[in-house]
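Chemist: Dropping a prediction and its sequence here:
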Amino acid sequence: MARFRAALLYDDELRREANESQRNYWAVYYREVLERIGLPHEVIGPEALSDGTLGEHRILLLPPLGEGYLGPEAVEELARWVRAGGLLVGFATRGLDGLFGVRVEDQIPQPGDEFTPSACLRLRDEEWSMPLLPAEVSDATLPVLAPVACLSAPGSRELARLCSLFERDLGRPAVTYRREGAGAVCYWAFDLAHCVWAMQQGRPVVDDYDGDGQLRSRDGIAIGPWRGDLPYADVMLFVLRRVLAEHGAVLLHQLPPAGDGSVPDAVFHWGGDDCGWQEDYLAAAEFMLGVGLPYHINVQQVPAGNHLLPRETFERLRSMGCEVGIQFRLVPPDGTGLYHFTREDLESQLRWHREAYEQTPVVTVFSRCEWTGWAEPARWLAELGMKGDNNRFGRAGPLGNPLNTLSFGFGTCYPFFYYEDWRRGNRRIPFTCQPITDYECGFRFPEDTPDYHGLHRSIDLAGFWNLTMNLFRHPYYIVRTRSQPEAIKHSLGYMAERGISPVHLGSDEMCLWWHARSASAVEEVAREEGAIAIRTRAEHVSGCVVQLLVGEGEPGRVEVEGNPARYVVREQHGARWLYVPMPAGEATAVVRPGGP
């Protein structure tokens with residue numbers, strides 16, 4: 001029986017050296033990258049390259065390593081391992097150019113700080129990477145927020161092409177792949193973890209970069225001059241996922257099973273905030289309940305022409321299944337100037353909420369998506385017992401309330417965990433961001449007229465990539481316009497028309513799913529005589545879904561715990577993917593081969 005195991009090389013001494021030099025160690029984020037795409041893996045140290053245990057793994061991923069880090073024995077051992085059938089993936093890794101089949105001929109530095117695009121890439125391979133983009137944007141470029149090597153790689157398959165910051169084709173590969181003996185190598189010309197982390201968490205908000213007179217999360221958007229029309233980071237990770245799956249990886253899917261145990265096409269999570277019109281809360285919650293949708297409302301706790309939501313209204317909302325969170329109002333005491341709010345600001349308002357409702361909220365949004373620093377607000381809220389926020393709004397610029405906007409300014413649709421900077425060891429904070437991507441799409445205001453272009457695109461992209469799409473809808477517009485409630489009903493009809501079968505969640509449910517997914521795992525994968533045995537541990541009550549590439553035809557039989565199981569085979573992105581729902585707790589699935 002052949003067991004599948006993947007490994008990530010990580011040397012914490014390199015992290016300590018970087019932090020002591022007052023630098024982030026971006027490679028810390030590879031664990032987040034691999035968790036995002038659902039790859040089961042273990043973290044190994046450099047000693048594993050020479051202690052005889054490397055052969056236990058099918059896939060090895062290497063972070064950026066300097067020339068001379070790997071000694072001659074380790075280099076030769078890696079070469080033998082690849083030729084024997086291993087997949088080696090390097091991210092700007094030096095010292096293995098011969099094995100990777102690349103030659104570094106120049107470097108493109110970041111022109112500003114570590115949060116500045118240096119170049120971009122364009123997907124190139126017609127089989128593996130180009131199908132990952134919708135046909136109408138197949139020529140799109142993805143910004144790279146990291147230094148990039150200018151490579152020559154004769155004889156390699158080019159998965160992505162390097163382009164300049166101004167999208168000029170540089171005639172160089174950005175991502176390569178080639179067979180080597182019975183194995184293969186894949187090389188990225190840049191530090192993917194640096195790129196994804198800087199894009200998703202954004203630059204530290206220490207100044208009013210967009211000139212709107214406030215410190216907001218939008219000041220941290222780092223993808224300029226790209227507009228955020230696509231989830232750039234997600235697409236890059238889909239490229240990596242395809243390479244890993246081609247070498248036998250079984251992955252933990254981003255989406256939970258539906259309530260009936262089927263595999264959904266997308267997750268839409270619905271939330272809205274206070275706006276000071278609390279008389280609209282019940283009507284908005286009743287409308288959402290009436291059309292069969294969950295909802296989340298954030299209650300403001302600062303008297304600013306506002307008052308505490310009465311406890312009886314809070315209980316009535318909860319009885320309708322509406323989640324109730326907190327909206328923090330973070331403004332300067334005198335109402336003017338830029339305000340670097342503090343932990344005490346959050347703590348005092350959360351205390352009022354707890355006293356009023358005897359509840360610690362799960363997810364929050366700040367009144368205008370205010371932010372300060374890099375990870376500090378996330379750390380403070382985690383220390384105060386909360387689990388996630390909805391504060392990353394993806395469209396840069398000074399427009400105060402950009403309704404009818406679909407944007408991925410932070411590069412992703414999926415939740416992600418915040419990480420500390422070098423001052424606190426680049427540790428992960430147990431607190432997630434759920435970026436706002438679809439902001440009041442479906443109508444124009446104040447005209448109060450329907451406009452479904454952005455709404456349709458939001459739904460189509462969610463179905464195309466199996467995204468977790470945030471649909472942010474204020475109670476005010478649900479109740480006080482004609483067009484927004486019609487747009488919400490239209491969205492459900494459009495999903496059905498497009499054959500998209502979704503799971504609908506509230507903001508709290510989305511957050512709790514992502515935390516549970518992070519604690520879940522594909523624990524073992526074994527292959528014998530064409531059959532694949534997959535053992536999972538799912539920490540969410542709904543279970544989890546595993547995905548893997550399959551050949552032509554249907555599997556001969558799929559069983560979970562010895563019983564025939566539900567599954568689906570999808571033709572997606574130029575490949576055939578098998579999805580198998582798994583129950584909560586520990587369970588084993590067996591996929592047996594079938595005919596063509």
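Modeler: Arrived safely. Numbers count the residues shown, from 1 in each chain.

Chemist: Could I get the average pLDDT for the host helix or strand of residue 492?
Modeler: Taking DSSP states H and E as the definition, residue 492 sits inside helix 483-497. Computed over helix 483-497, the mean pLDDT rounds to 98.

Chemist: Any buried residues in the longest strand seen in the chain, and which?
Modeler: When the chain is scanned for its longest strand (criterion: DSSP state E), the result is strand 169-180. The neighbour-count criterion (16 or more other Cβ atoms under 10 Å) identifies 170, 172, 173, 174, 175, 176, 177, 178, 180 as the buried residues of strand 169-180. Heads up, the C-betas are built off the backbone N, CA and C, glycines and all.

Chemist: Pull out the buried residues from the helix holding residue 492.
Modeler: For helix 483-497, the buried set under the neighbour-count rule, 16+ other Cβ under 10 Å, comprises 483, 484, 485, 487, 488, 490, 491, 492, 494, 495.

Chemist: Could you export those residues as a markdown table, including distance to residue 121?
Modeler: Putting the buried residues of helix 483-497 into a markdown table (distance: Cβ to Cβ, whole Å) gives the following:
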| residue | distance to residue 121 |
| --- | --- |
| 483 | 39 |
| 484 | 38 |
| 485 | 41 |
| 487 | 35 |
| 488 | 37 |
| 490 | 36 |
| 491 | 33 |
| 492 | 36 |
| 494 | 32 |
| 495 | 32 |
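
Chemist: OK, contacts around the nearest residue to residue 474 once chain neighbours are set aside?
Modeler: Closest residue in space to residue 474, ignoring its immediate chain neighbours: residue 272 at 4.5 Å, by Cβ to Cβ, 6 or more residues apart in numbering. Residues touching residue 272, when contacts are defined by Cβ atoms under 8 Å, 6 or more residues apart in numbering, comprise 284, 295, 296, 297, 298, 472, 473, 474, 475, 478.

Chemist: Please identify which pair of those residues lies farthest apart.
Modeler: 298 and 478 (14.4 Å; Cβ to Cβ).

Chemist: if we can go back for a sec, residue 201: which of the contacts of residue 272 is nearest?
Modeler: Within those, the smallest distance to residue 201 is 19.8 Å, found for residue 472 (Cβ to Cβ).

Chemist: if I look at the closest one, how far off is residue 460?
Modeler: Taking Cβ to Cβ, to the nearest Å as the criterion, residue 472 is separated from residue 460 by 18 Å.

Chemist: Low-confidence stretches in this structure?
Modeler: In the predicted model of the chain, residues 1-2, 275-276, 302-307, 397-400, 595-596 satisfy pLDDT under 70.

Chemist: domains of it?
Modeler: Taking automatic domain parsing as the reference, the chain has its domains at 2-208+231-252, 266-516, 520-592.

Chemist: okay if I get the buried residues of strand 169-180 as TSV plus distance to residue 366?
Modeler: As requested, the buried residues of strand 169-180 are arranged in TSV below (distance: Cβ to Cβ, whole Å):
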residue	distance to residue 366
170	41
172	42
173	42
174	36
175	37
176	43
177	43
178	48
180	50
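
Chemist: Return the two entries of these that lie farthest from one another.
Modeler: 170 and 180 (25.4 Å).

Chemist: Count the neighbours of the nearest residue to residue 444 once chain neighbours are set aside for me.
Modeler: Leaving aside its sequence neighbours, residue 444 sits nearest to residue 451 (Cβ to Cβ, 6+ apart; 4.9 Å). Neighbour count of residue 451, defined by other Cβ atoms under 10 Å: 16.

Chemist: what residues are up against residue 451?
Modeler: By Cβ under 8 Å, 6+ apart, the contact set of residue 451 is 404, 442, 443, 444.

Chemist: With residue 297 instead?
Modeler: 271-274, 281, 284-285, 317, 322-325, 475.

Chemist: Do I have it right that residue 295 meets residue 325?
Modeler: No. Between residue 295 and residue 325 there is no contact under Cβ atoms under 8 Å: 11.1 Å.

Chemist: where do the contact lists of the two overlap?
Modeler: Counting by Cβ under 8 Å, 6+ apart, the residues touching both residue 295 and residue 325 are residue 271.

Chemist: Which parts of this protein are helices?
Modeler: Secondary structure of the chain, counting by DSSP state H: helices at 12-20, 30-37, 72-83, 97-100, 192-201, 232-246, 281-290, 311-319, 343-357, 376-383, 453-465, 475-480, 483-497, 507-519.

Chemist: can you list contacts of stretch 355-366?
Modeler: Applying Cβ under 8 Å, 6+ apart, the external contacts of stretch 355-366 come out as 271, 273, 296, 298, 301, 308-309, 311, 314, 323-330, 350, 353-354, 381, 385-391, 434, 507-508, 510-512.

Chemist: Ok, stretch 163-170 next?
Modeler: By Cβ under 8 Å, 6+ apart, the list of residues contacting stretch 163-170 reads 111, 117, 118, 119, 120, 121, 122, 141, 150, 161, 162.

Chemist: can you do 6 Å?
Modeler: Applying Cβ atoms under 6 Å, 6 or more residues apart in numbering, the contact partners of stretch 163-170 are 119, 120, 122, 141, 162.

Chemist: So which of these wins on neighbours?
Modeler: Highest count within the contacts of stretch 163-170 by other Cβ under 10 Å belongs to residue 119, 27 neighbours.

Chemist: quick revisit: residue 472 and residue 460: which is more packed in?
Modeler: Comparing residue 472 with residue 460 by other Cβ under 10 Å, the one with more neighbours is residue 472, at 23 against 16.

Chemist: How many neighbouring residues does residue 327 have?
Modeler: When neighbours are counted by other Cβ under 10 Å, residue 327 registers 26.

Chemist: Oops, could you answer that again for residue 322 instead?
Modeler: Tallying neighbours of residue 322 according to other Cβ under 10 Å, which is how burial is gauged here, yields 23.
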